[in-house]
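In: fold the following and give me the result.
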Amino acid sequence: MSRPKFFTPDEVSVHNTAKDIWVSFIGRVYDLTTLCEANAGDVLLKPILSSAGKDISHWFDKRTGELRTHIDSTTGCRVAYTPHGRFLHVPPGCPRSDWSNNFGRPWWKDERYCIGRLSQKTRKIKIVNMLTLEENTIEVCLEENMMEIQKRYFVYNLHAASYTWKYRGETLDMYKTLQENGISDEFENFYELNMDEDLYLPAVHLYFNDDLTEQ
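Out: Down below sits the predicted model:
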């Protein structure tokens, strides 16, 4: 099975318009752009559009993945709990003739919209190109292996795959995570010492494979 793609909260947050809308909930990331385009003008899109780029896990029961519910004080029936307003595919609290339920799966259960997973934690690393001496700091997902981190670095160097990636002189296993490669996340230590972890970032060094000066 292929690995899921991981996203940082910042990556989700920039997709925050009606024509480019992502949300995350219960650890997964959804691209709802086509859903919003297909239902443009529907008032039930308003709560979704208002939450563009945000995490909406509080809309759902984390144990079941279903919408949170409550007992309606007027009818005494259990209905979806939508304090920000009823949204698309949520049935009305009372029977209504103008509500159609022929949409199939509700969007929060439709795998077509799921594009990956939200990282449980992110961290920053410094990447140093030993050929050009260029340094770049990037934010990565804790769950990503070095191959996936390399893809993030392509924005700075499209030829990153032509380099050997090392940490403290040791060649990194590109199919392992930072942690698995011995590059520990020291956030807790910095927190206990009341220090900014950005003051010291682990540096990964890139050595160009065709550089004859490197042995």
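In: quick one, longest helix in the protein?
Out: helix 146-153 (DSSP state H).
In: return the next helix or strand after that helix as CSV; C-alpha atoms alone will do.
Out: Using DSSP states H and E, the helix or strand that follows helix 146-153 in sequence is strand 163-167. Output of strand 163-167 as CSV, limited to C-alpha atoms (Å, rounded to 0.1, in the frame of the first residue of the first chain):
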residue,chain,number,x,y,z
TYR,A,163,23.1,14.7,-3.6
THR,A,164,24.0,12.4,-0.8
TRP,A,165,22.2,13.5,2.4
LYS,A,166,24.2,13.3,5.6
TYR,A,167,23.9,14.2,9.3
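In: what's next to strand 163-167, contact-wise?
Out: 129, 131, 146, 150, 157, 171-172, 174, 181-183, 202-209 (Cβ atoms under 8 Å, 6 or more residues apart in numbering). (C-beta placed from N, C-alpha, C; glycine too.)
In: do you know how far residue 165 is from residue 175?
Out: 12 Å (Cβ to Cβ, to the nearest Å).
In: what sits in contact with each of those two?
Out: What both residue 165 and residue 175 touch, as defined by Cβ under 8 Å, 6+ apart, is the set residue 146.
In: between these two, who's got more neighbours?
Out: Ranked by neighbour count (other Cβ atoms under 10 Å), residue 165 and residue 175 place residue 165 first, with 22 against 11.
In: what pLDDT does that one get?
Out: Looking at residue 165, its pLDDT reads 97.
In: ok, what's across the strand from it?
Out: residue 206 (DSSP bridges).
In: would you map the helices across this protein?
Out: Counting by DSSP H, the helices of the chain are 9-13, 33-38, 46-50, 146-153, 187-192.
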